[in-house]
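J.: here is a sequence together with a model predicted from it:
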Amino acid sequence: MSTHRTAPRATDRPAQPATATASGSHAADPVEASRIGRTSGLGVGATLRRGIQVSPEIVQGLGITVVLAVLAAIGRVVVPIAVQQTVDTGVLADGGPDVERVVTLVIAAAFALLAAATCSALVNIRLFRSTEAGLATLRVRAFRHVHDLSVLTQGTERRGALVSRVTSDVDTISLFVQWGGIMLLVSVLQIGVATILMAIYSWQLTLIVWACFIPLLLVLRPAQRRVNGAYTAVRERVGAMLGAISESVVGAETIRAYGVSDRVQRRIDATIQATRDAQVRAQKLVAIVFSSGVLVSNLVLSVVVVVGTLLGVDGGISVGRLLAFLFLVQLFTGPVQMATEILNELQNAVAGWRRVLGVLETRVEVADPGPDAVRTPRGPATVELRGVEFAYPDGPPVLSDVDLTIPAGTSVAVVGATGSGKTTMAKLLVRFMDPTRGEVLLDGVDLRRIETARLRERVVVVPQEGFLFDGTLLTNIAYGLRGPDVDAGPDVVEARVRRAIDALGLGDWLAELPHGLATDVGQRGESLSAGERQLVALARAYLAEADLLVLDEATSAVDPATEVRIARALDSLTAGRSTVTIAHRLSTAEASDLVVVVDAGRVVEVGPHAELVGAGGTYASMHASWVSQTR
């Protein structure tokens, strides 16, 4: 269709057959959108394997660490062996106590313990180093993936709950891997070594020890499944609590303005109470499992004392061997109790790991095309929408059968009633979302085939409410820099920012600020007015030197002086560039080369302002109504 004639009204357009568009290979389910995975569905073992695949640094050098852990575990049995040898061959030696042998054994045991302690320290150092590297990789990958998700997908979970996945949930993994993981490894090795030595000293007592613990091991597996479910609920409640708290902090001004502090407090109290209840339920299960281990350990020790004494009376075991066996029982039961507690921590860590993997497993809908990407040349951009349709998840179509061509260097105003689909069209133009059907093309190339980094260089959006980061005016404007200047020295960056401000005619505004470019904008830019935040957004966009600008007009709530500054800055910013403005006031449409009228998700008119007013269609009615209200 020509961009310089009036398009047929929506009611006059012929019905279109439901055929696939040229972008059929890219099209998604019209109402299907990815949601951030609540949690991964992997089992415990699969979760650990997948976690290691994501963070391979965790197992780097693991072979040496395991060898050191084995030596540390062997060192734990030095004392029982030393006791047995000292008693049987030193204190109770034939002919009386052998003091020299006792001293020799004690010194040898001391050196062995020192070596075991050194091995244990090296294990911890190596483990901390590797796990911190692995968990840092996990955080970076999760954070990167969150930013790769579309705005629709990100919106399926509260920001605070999403942040908790790369912070507190990773912390639970850290606690287990750095402490529980090595303790579990050492405990298993210690149980194995202790069992071998106990069997050497007395196979009868060894069988008794294992007979007491086998029932506990049989009960432990189903109990751990319940603990895992409980800790999964804990991680979810923590995420919900952090989401509610962060939301109330961000919205504090609105909460105070409407006097709803009590209502918000009750909601936060409810999330805190739910978190507390989930924690208590999980800890009750943990207490039961741990107490069972303690009970069985005490039972084993009592039985060994009684049976061992009877064997000693019958001459079946020497005093030294019985004493050594009692030490070995302690070395056996201690790790068993420790293992039950560690397994509980493992369930907590797995629950956290699953939530992080749930993010990583979430499909990236707006994906980079990868090696097959097209790198389009720079310059004023031509934009086309061909048969574009879009529907939000589980909702009706927002855009239907949209065909539109915007020539290079043209300024376009998109107008229409609230809810007509203007903002959705803008999001598709900058590829914050992909159409459910049809194509959006930049210089004849589907946006889905253009390298994401290149697309962000060529297309820049200026939102209605520009987000400012905590910092100075200089650092906030400098976010618009591209290319080598990003890593240039502070003097180069400041010079670029000042040139941008001068080019936009904002030098007088900068001079009015108390500290110029060093002015602190505060959190979310709260130290600046809404109009000033918009000026910062325009300066960023100027620095970006984009080929296509998509602007959401935001001058309705600013003072006249700031409105003049914004208008002047926009004239400089849009000169020579393709510009699409979501116009909330028809004065913007009057000054544009083309006006695109959107009604109920369809483009019903396209043409210059004067032509559309003379056509007597939808735009003419809108303009007449606007003129009557402004008089």
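T.: Done, it's in.

J.: surely Ala133 and Gln60 touch.
T.: Yes: with contact defined as C-beta atoms under 8 Å, Ala133 and Gln60 form a contacting pair (7.5 Å). (C-beta placed from N, C-alpha, C; glycine too.)

J.: before we move on, what SS does Gly387 have?
T.: strand (DSSP: H, G, I helix; E, B strand; the rest coil).

J.: in three-state terms, label the closest residue to it other than its chain neighbours for me.
T.: Leaving aside its sequence neighbours, Gly387 sits nearest to Gly438 (C-beta to C-beta, 6 or more residues apart in numbering; 3.9 Å). Per three-state DSSP, the secondary structure class of Gly438 is strand.

J.: burial measure for Gly438, as a count.
T.: Neighbour count of Gly438, defined by other C-beta atoms under 10 Å: 27.

J.: would Ala413 count as being in a strand?
T.: Yes: assigned with three-state DSSP, Ala413 falls within a strand.

J.: flag every buried residue along stretch 505-514.
T.: If you call a residue buried by 16 or more other C-beta atoms under 10 Å, then stretch 505-514 has these buried ones: 506, 509-510.

J.: distance between stretch 86-99 and the chain's centre?
T.: Chain-centre distance of stretch 86-99: 65 Å, with C-alpha atoms, centre = their mean, to the nearest Å.

J.: circling back: and the pLDDT at the residue nearest to Gly387?
T.: Predicted confidence (pLDDT) at Gly438: the value is 91.

J.: and the gap between it and Phe432?
T.: For Gly438, the distance to Phe432 equals 16 Å [C-beta to C-beta, to the nearest Å].

J.: element containing Leu528, please.
T.: Assigned by DSSP states H and E, Leu528 belongs to no helix or strand.

J.: how about it, phi and psi?
T.: Backbone geometry at Leu528, expressed as degrees, to the nearest 10, gives phi -110, psi 160.

J.: just checking, it touches Val521?
T.: Yes: with contact defined as C-beta under 8 Å, Leu528 reaches Val521; the gap is 5.5 Å.

J.: quick one: the helices in the stretch 501-631 of the chain?
T.: Taking DSSP state H, counting those that start in this stretch to define them, one finds helices in the stretch 501-631 of the chain at 507-512, 530-544, 560-574, 586-590, 609-615, 618-630.

J.: quick one: average confidence on the fifth one?
T.: Averaged over helix 609-615, pLDDT sits at 86.

J.: which strands and helices sit next to the helix or strand harbouring Val460?
T.: Using DSSP H and E, Val460 maps to strand 459-462. With contacts taken as 3 or more C-beta pairs under 8 Å, 6 or more residues apart in numbering; DSSP states H and E, strand 459-462 sits against helix 530-544, strand 548-552.

J.: who are the packing partners of the helix or strand just after that strand?
T.: Counting by DSSP H and E, the element after strand 459-462 in chain order, helix or strand, is helix 473-477. Packed against helix 473-477 by the contact rule (3+ C-beta pairs under 8 Å, 6+ apart) you find helix 490-503, helix 530-544.

J.: circling back: closest one to Val603 out of the buried residues of stretch 505-514, please.
T.: Closest approach to Val603 among the buried residues of stretch 505-514 (C-beta to C-beta): Leu506, at 34.6 Å.

J.: isn't that closest one right up against Leu535?
T.: Yes: shown here, Leu506 and Leu535 form a contact pair, counting by C-beta under 8 Å, at 6.0 Å.

J.: so which residues of the stretch 301-450 of the chain form helices?
T.: Counting by DSSP H, counting those that start in this stretch, the helices of the stretch 301-450 of the chain are 319-360, 422-429.

J.: so which of these gets nearest Ser248?
T.: Comparing the helices of the stretch 301-450 of the chain by C-beta to C-beta, helix 319-360 comes nearest, at 22.2 Å.

J.: could you list the domains of the protein?
T.: 48-148+156-360, 380-630 (automatic domain parsing).

J.: and those domains, which one averages the lowest pLDDT?
T.: Across these, domain 48-148+156-360 gives the lowest mean pLDDT, at a mean of 76.

J.: next, work out how far apart Gly471 and Val461 are.
T.: 21 Å.

J.: out of these two, which sits in the more crowded spot?
T.: Applying other C-beta under 10 Å to Gly471 and Val461 shows that Val461 carries more neighbours, namely 21 against 15.

J.: sorry, back to before: pick the most buried one from the helices and strands packed on helix 473-477.
T.: Sort the helices and strands packed on helix 473-477 by mean neighbour count, taking mean count of other C-beta atoms under 10 Å, and helix 530-544 sits at the top with a mean of 23.

J.: alpha carbons of that helix, as PDB, please.
T.: Provided in PDB are the C-alpha atoms of helix 530-544 (Å, rounded to 0.1, in the frame of the first residue of the first chain):
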ATOM      1  CA  ALA A 530       9.500  14.000  34.900                       C
ATOM      2  CA  GLY A 531      10.400  16.500  32.200                       C
ATOM      3  CA  GLU A 532      14.000  16.500  33.200                       C
ATOM      4  CA  ARG A 533      14.100  12.700  33.100                       C
ATOM      5  CA  GLN A 534      12.700  12.900  29.600                       C
ATOM      6  CA  LEU A 535      15.500  15.300  28.600                       C
ATOM      7  CA  VAL A 536      18.100  12.800  29.900                       C
ATOM      8  CA  ALA A 537      16.400  10.100  27.800                       C
ATOM      9  CA  LEU A 538      16.600  12.300  24.700                       C
ATOM     10  CA  ALA A 539      20.300  13.000  25.300                       C
ATOM     11  CA  ARG A 540      20.900   9.300  25.600                       C
ATOM     12  CA  ALA A 541      19.100   8.700  22.300                       C
ATOM     13  CA  TYR A 542      21.200  11.400  20.600                       C
ATOM     14  CA  LEU A 543      24.500   9.800  21.800                       C
ATOM     15  CA  ALA A 544      23.200   6.400  20.400                       C
END
